[in-house]
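[1] have a look; sequence and predicted model below, questions after that.
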Amino acid sequence: MGLIDDLAAVVGPPQVLVGEATRRYADDWMGKYHGAPLAVVRPADTAQVAACVRLAAAAGVAVVPVSGNTGLVGGTMTEGGLMISLERMNRIRALRPEARLVVAEAGVILQAIHEAAEALGLYFPLWFGARGSAQLGGALSTNAGGSNVLRYGSTRGLCLGIEVVLADGRVLDLMSELHKDNSGYDLKDLFIGAEGTLGIVTAAVMKLVPAPLAHATACVAADSLPKALGLLNRMQAATGGRVEAFEFMPRSYSQRLVEARPDLGLPFAEIPEVTILIEAGTTVAEEAAPGPDGAVPLVARLEEVLGAMFEEGLISDAVVAQSEAQRRAMWARREAAAEICVGLDPAVDTDVCLPLDKVDAFLTLTEARLAVLDPGIRSLTVAHLGDGNLHYTLFPTRKDAALADAVMDCVEDVVQELGGSFSAEHGIGLSKLPSMRRRKNPVALEVMRALKAALDPQGVMNPGKVVPLG
């Protein structure tokens, strides 16, 4: 118990949890991974994180950071490691509207940043379903994406600077507020997406943008994905690149939504083959102010584009949100994606990215090959179609580890053939280690292992994640 006592001396006894008190940290929210940490420690500041890491390193104990624990790939799973929860490090250190940035600690819940920015007429565009529980450190550690990547980029693109505790307890201060800095290697980007395997992110400087004055949001029905895909480019051209989200929900998704969340309703009386949720936003007053007829120019622009596509037979129906309540109802259906998959088992979850013009080919090829591999297999897809990111979940006909691996391998085959990636925004963790071993460029893996060895020679930082052993 020497390490436990030493940790208690740093953070205070109430902030060191052992036994049953660790359960909510050890189990992932999907119920797939069940860890058994030595302890969970909850430091209050960066200095305490550094002290805890030094103690763990001296004892040869693995260190596993945990944030909101909303991950899907087992990134916080540990047997006997020390979990470091950043939940008490939940302060927004500065919010500077003139520079359009926020300085926040890793334990800040994303929604808190959204609300703080909104109060000043600004917007933090890192937006996804788990924003009410996900923490900034976790989003940085997985390079989370979300619905607004199309316009604003992923977490990496929104980050100006970070603060990181290294494996030996030193604090690496990269808290730059600069948009340009070419003074050597870009170390910041090395830690974003590393899932705590190189160090623990304790704070960051994040970009803010002007809050949209108006949105144009619609659900669009089409009988095929290729026909609907033209809507994105047309609306981008019509609005000068103001499309923020372009989400794809095929028939299977809508059918499952009716089963699991009938209270959310559907936008159309009959379920179409393809439903697209498109949203554009503007900060230009002239585009947001209703005209004499009460029409918002940005909304009218969307209606014009949809009308033209309807006349051309490219879409079969559309519902344009006429109020904020209708807009939220549309988004509620999309953001129920993770919830409606809960309880469906066995499941093989994939998170892939394809070039936009290859998405339909991916679905067609994969479905055909899987039908041969496992007749009766079902799929459930939802996608950030604007950036080619598909959350493609398969439900095999039986629980069989070998079959599950074959299903994943089949998906990876098609992804690789079409020039895509087997991992888009959920991270690698444990579940995608086989994919890394099979698919990642061997030289890239060697470089990753060299970086890991250089920054974490003892191998104590979230070991066994992200990079497979050689």
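    Alright, I've got the coordinates.
[2] where do the strands sit along the stretch 51-200 of the chain?
    Per DSSP state E, counting those that start in this stretch, the stretch 51-200 of the chain has strands spanning 63-66, 82-85, 92-96, 101-105, 122-123, 159-165, 171-174, 200-207. These are given in chain order.
[3] just put those in a markdown table and tack on distance to Ala237 and mean neighbour count.
    Heads up, the C-betas are built off the backbone N, CA and C, glycines and all. Written out in a markdown table, the entries for these read as follows (distance: least, CB to CB, whole Å; neighbours: other CB atoms under 10 Å):
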| stretch | distance to Ala237 | mean neighbour count |
| --- | --- | --- |
| strand 63-66 | 43 | 28 |
| strand 82-85 | 47 | 25 |
| strand 92-96 | 34 | 14 |
| strand 101-105 | 31 | 23 |
| strand 122-123 | 24 | 21 |
| strand 159-165 | 30 | 24 |
| strand 171-174 | 38 | 17 |
| strand 200-207 | 26 | 26 |
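[4] what's the closest of those to Asp263?
    Ranking those by distance to Asp263, with CB to CB as the measure, places strand 122-123 first at 28.7 Å.
[5] in a strand, His391, correct?
    Yes - under DSSP: H, G, I helix; E, B strand; the rest coil, His391 sits within a strand.
[6] not counting its neighbours along the chain, what's nearest it?
    Of all residues beyond its chain neighbours, the one nearest His391 is Val382 (5.2 Å), with distances taken as CB to CB, 6 or more residues apart in numbering.
[7] that neighbour: helix or strand, and which one exactly?
    Of the helices and strands defined by DSSP states H and E, Val382 is found in strand 378-384.
[8] same question for that strand: list its buried residues.
    The neighbour-count check on strand 378-384 (16 or more other CB atoms under 10 Å) flags 379-384 as buried.
[9] let's have the strands of the stretch 51-200 of the chain in JSON lines, adding mean pLDDT and distance to Thr46.
    Below are the strands of the stretch 51-200 of the chain laid out as JSON lines (pLDDT from 0 to 100; distance: least, CB to CB, whole Å):
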{"stretch": "strand 63-66", "mean pLDDT": "96", "distance to Thr46": "13"}
{"stretch": "strand 82-85", "mean pLDDT": "98", "distance to Thr46": "12"}
{"stretch": "strand 92-96", "mean pLDDT": "97", "distance to Thr46": "11"}
{"stretch": "strand 101-105", "mean pLDDT": "98", "distance to Thr46": "8"}
{"stretch": "strand 122-123", "mean pLDDT": "96", "distance to Thr46": "26"}
{"stretch": "strand 159-165", "mean pLDDT": "98", "distance to Thr46": "6"}
{"stretch": "strand 171-174", "mean pLDDT": "98", "distance to Thr46": "6"}
{"stretch": "strand 200-207", "mean pLDDT": "98", "distance to Thr46": "5"}
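[10] tabulate those strands (TSV), appending distance to Ser316.
    Compiled in TSV, those are given as follows (distance: least, CB to CB, whole Å):
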stretch	distance to Ser316
strand 63-66	46
strand 82-85	49
strand 92-96	45
strand 101-105	43
strand 122-123	33
strand 159-165	41
strand 171-174	51
strand 200-207	39
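[11] quick one: closest of the ones you listed to Lys465.
    Across these, the minimum distance to Lys465, taken as CB to CB, is reached by strand 63-66, at 8.5 Å.
[12] next one: the closest one to chain centre, how far?
    Put simply, strand 63-66 sits 19 Å off its chain's centre (CA atoms, centre = their mean, to the nearest Å).
[13] what helices or strands is it leaning on?
    helix 46-59, strand 82-85, helix 136-142, strand 200-207 (3 or more CB pairs under 8 Å, 6 or more residues apart in numbering; DSSP states H and E).
[14] include distance to Ser323 when you put those into a markdown table, please.
    As requested, the helices and strands packed on strand 63-66 are arranged in a markdown table below (distance: least, CB to CB, whole Å):
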| stretch | distance to Ser323 |
| --- | --- |
| helix 46-59 | 45 |
| strand 82-85 | 40 |
| helix 136-142 | 30 |
| strand 200-207 | 30 |
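[15] Ala332 is nearest to which of the ones you listed?
    Put simply, out of the helices and strands packed on strand 63-66 the one that sits nearest Ala332 is helix 136-142, at 21.5 Å, with distance taken as CB to CB.
[16] thought Thr202 was touching Leu86, still the case?
    Yes - in terms of CB atoms under 8 Å, Leu86 counts as a neighbour of Thr202; the distance is 6.9 Å.
[17] for stretch 33-41, buried residues please.
    Using 16+ other CB under 10 Å as the test for burial, stretch 33-41 gives 33, 35, 37-41.
[18] endpoint to endpoint, it covers what distance?
    With CA to CA, to the nearest Å as the measure, stretch 33-41 spans 20 Å from end to end.
[19] same deal with stretch 14-27?
    21 Å.
[20] same thing with stretch 141-152?
    The first and last residues of stretch 141-152 sit 18 Å apart, counting by CA to CA.
[21] show the average pLDDT along it.
    Regarding stretch 141-152, the rounded mean pLDDT is 92.
[22] now tell me what touches that stretch from outside.
    Stretch 141-152 is contacted by residues 65, 67, 71, 75, 125-128, 134, 138, 154-156, 158, 192-196, 201, 209, 241-247, 281, 334, 384, 386-387, 389, 424-427 when judged by CB atoms under 8 Å, 6 or more residues apart in numbering.
[23] return a PyMOL selection command for the buried portion of these.
    Here is the PyMOL selection string for the buried members of the contacts of stretch 141-152, based on 16+ other CB under 10 Å:
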select buried, resi 65+67+71+75+125+126+127+128+134+138+154+155+158+192+193+194+195+196+201+209+242+243+244+245+246+247+281+334+384+386+387+389+424+425+426+427
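[24] please pull out the lowest mean pLDDT helix or strand from the chain.
    For the chain, counting by mean pLDDT, DSSP states H and E, helix 337-341 ranks last in confidence among helices and strands (a mean of 88).
[25] good, we can wrap up now.
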